[in-house]
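>>> the following block contains a protein sequence and its predicted model.
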Amino acid sequence: MNTGKQFFTALEALRGVAAIMVIFRHTEGALGPIQPNISYLAVDLFFLLSGVVLANSYERRLIMGNISPAGFLLQRIIRLYPLYLLSLPIGLVSYAVQIGLDYSTLAGLLLKGILFIPSSSFGSLFPFNGPSWSLFFELWAGVLFSVLLIRLSLRSLLTISLAAAGAAMYGTLSAGNLDIGFQPAYFIFGFSRVLFSFSLGICLYRLYELRKPNTADHGNIIGLLLCGCLILITNIPATTFFGFPYFDFLICLVVFPAIVWIAMRTTQTGLVELMFRWLGRLSYPIYILHGPIFSLLQTQRQKGYDLPASPAAGMVVVIAIFVVAAIAAVRFDEPVRKKVKMILSQNPASTTPTTGNAGGA
């Protein structure tokens with residue numbers, strides 16, 4: 001393994017495109033009637049990319065003892081929590097207006113949300129921010145990664161990935177597709193859903209380190225084509241293979257890993273590199289903030305406010321979410337994370353078992 005982490009620019013672009021496809025899935029009618037598609041698989045791509053990126057950034061440091069599992073988890077919390085906490089007040093207002101619960105119930109739900117405790121009584125694991133269900137399972141996978149998965153061989157990781165896929169398949173045969181894990185009734189399958197893609201991502205990074213494939217020519221063109229492929233795949237109508245979930249697993253176990261593997265072998269330059277980096281930079285803010293914003297707009301419509309629901313108005317909302325995500329990333333998330341890391345760096349022993357500093361990914 002290398003002593004230093006690499007930066008896969010094309011993976012940043014894939015994450016950004018996946019976040020955008022999720023936005024369009026959750027427009028709640030703002031863009032008019034949209035045929036349901038399989039963009040729910042973008043979440044599985046997130047899990048796969050997380051396996052690659054976390055293995056790249058932390059696997060060697062964890063094995064060498066330069067960062068402890070507790071220190072790693074702290075780094076993940078610093079990375080994910082600021083924007084998540086920022087989204088909770090929006091979700092709280094939307095939920096309070098829509099459901100009208102008493103203050104004590106809302107306070108209890110808010111406390112659960114802050115502590116990232118799933119709720120099984122209100123139709124959603126995280127009522128104030130529905131899409132954040134994937135963060136819960138990603139944090140869980142990160143804990144497993146830091147204490148167990150880093151110690152397993154490539155063959156063992158692949159076995160775990162396939163076994164977890166088999167467990168997730170059991171749930172999909174009942175649900176009709178792989179769009180499971182965020183519902184209280186399918187909560188248990190969220191663990192197997194994240195585990196099979198996350199473990200496969202670690203496998204991809206291990207293979208990359210072992211083989212050291214040559215960088216492909218025409219990285220800009222290939223990167224753009226991969227993003228286009230992802231858009232086409234996630235736009236496949238959900239009804240096409242509903243009730244035949246094996247197609248979803250073909251995408252997650254074969255097609256997505258192939259796309260990521262090719263992306264890892266490319267480098268981008270110029271405007272394409274700049275665009276790809278910004279896509280990655282905004283992917284998480286877009287993903288974590290869009291749900292409560294759309295929910296709040298939908299709530300206002302249900303309460304009788306005459307908000308436009310035309311495609312043009314919907315695109316205005318989508319663009320506004322991009323702007324809000326950029327402002328939140330640059331003016332809030334990144335400064336907060338930098339400040340917290342500066343405070344922690346004054347006492348590195350609190351996060352690592354050695355004198356090494358646990359920098360974030």
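Thanks, I have it.
>>> downstream of the lowest-mean-pLDDT helix or strand in the chain, the next helix or strand is which one?
Ranked by mean pLDDT, DSSP states H and E, the weakest helix or strand in the chain is helix 311-327, scoring a mean of 85. Next helix or strand after helix 311-327 toward the C-terminus (DSSP states H and E): helix 334-345.
>>> what packs against that next one?
Judged by 3 or more CB pairs under 8 Å, 6 or more residues apart in numbering; DSSP states H and E, helix 334-345 is in contact with helix 69-99. C-betas here are computed from N, CA, C, even on glycine.
>>> report the angle between the helix it packs on and helix 311-327.
140 degrees (axes from the mean of the first three to the mean of the last three CA atoms, to 10 degrees).
>>> and helix 69-99, what's its mean pLDDT?
Mean pLDDT, helix 69-99: 92.
>>> and that helix, what's buried?
69-76, 78, 80-84, 86-88, 90-92, 94-96, 98 (16 or more other CB atoms under 10 Å).
>>> now swap in stretch 207-220 and tell me
207-208, 219-220.
>>> measure that stretch end to end?
End-to-end distance of stretch 207-220 (CA to CA, to the nearest Å): 23 Å.
>>> same check, this time on stretch 24-43
This stretch, stretch 24-43, spans 13 Å end to end (CA to CA).
>>> what does it contact?
18-19, 21-22, 130-131, 134, 177-179, 233-239, 241, 248, 251-252, 256, 290-291, 294-295, 297-298, 301, 309-311, 313-315, 317-318 (CB atoms under 8 Å, 6 or more residues apart in numbering).
>>> same question for stretch 152-163.
By CB under 8 Å, 6+ apart, stretch 152-163 touches 149, 195-197, 199-200, 202-203, 206-207, 210.
>>> recalculate using a threshold of 7 Å.
149, 195-196, 199-200, 202-203, 206 (CB atoms under 7 Å, 6 or more residues apart in numbering).
>>> list just the nearest of the buried residues of stretch 207-220 to Ala325.
Asn220 (24.5 Å; CB to CB).
>>> not counting its neighbours along the chain, what's nearest the closest one?
Val272 (4.2 Å; CB to CB, 6 or more residues apart in numbering).
>>> roughly how far apart are that neighbour and Ser283?
16 Å (CB to CB, to the nearest Å).
>>> quick one, helices of this structure?
Counting by DSSP state H, the chain has helices at residues 9-25, 42-54, 60-64, 69-99, 103-114, 133-147, 154-175, 187-211, 219-234, 246-250, 256-264, 270-302, 311-327, 334-345.
>>> can you pull the buried residues of stretch 318-335?
Within stretch 318-335, judged by 16+ other CB under 10 Å, the buried ones are 318, 321-322, 325, 328-329, 333.
>>> quick one: contacts of that stretch?
So stretch 318-335 is contacted by 23, 82-83, 86, 281-282, 285-286, 289-290, 293 (CB under 7 Å, 6+ apart).
>>> ok now that stretch, how far from the chain's centre?
17 Å (CA atoms, centre = their mean, to the nearest Å).
>>> quick one: end-to-end distance for that stretch.
Note: stretch 318-335 ends 25 Å apart using CA to CA.
>>> of Val272 and Ser283, which one has the most company?
Taking other CB atoms under 10 Å, Val272 and Ser283 do not tie; Ser283 has more neighbours (24 against 17).
>>> ok, now which ones touch that one?
So Ser283 contacts 15-16, 19 (CB under 7 Å, 6+ apart).
>>> one more time with 10 Å
Contacts were defined as CB atoms under 10 Å, 6 or more residues apart in numbering; by that measure Ser283 touches 12-20, 22, 46, 49, 325, 329.
>>> any chance of those residues in TSV, with distance to Leu225 too?
TSV is the format used below for these (distance: CB to CB, whole Å):
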residue	distance to Leu225
Glu12	16
Ala13	11
Leu14	12
Arg15	17
Gly16	16
Val17	12
Ala18	16
Ala19	19
Ile20	17
Val22	21
Phe46	21
Leu49	18
Ala325	25
Ala329	27
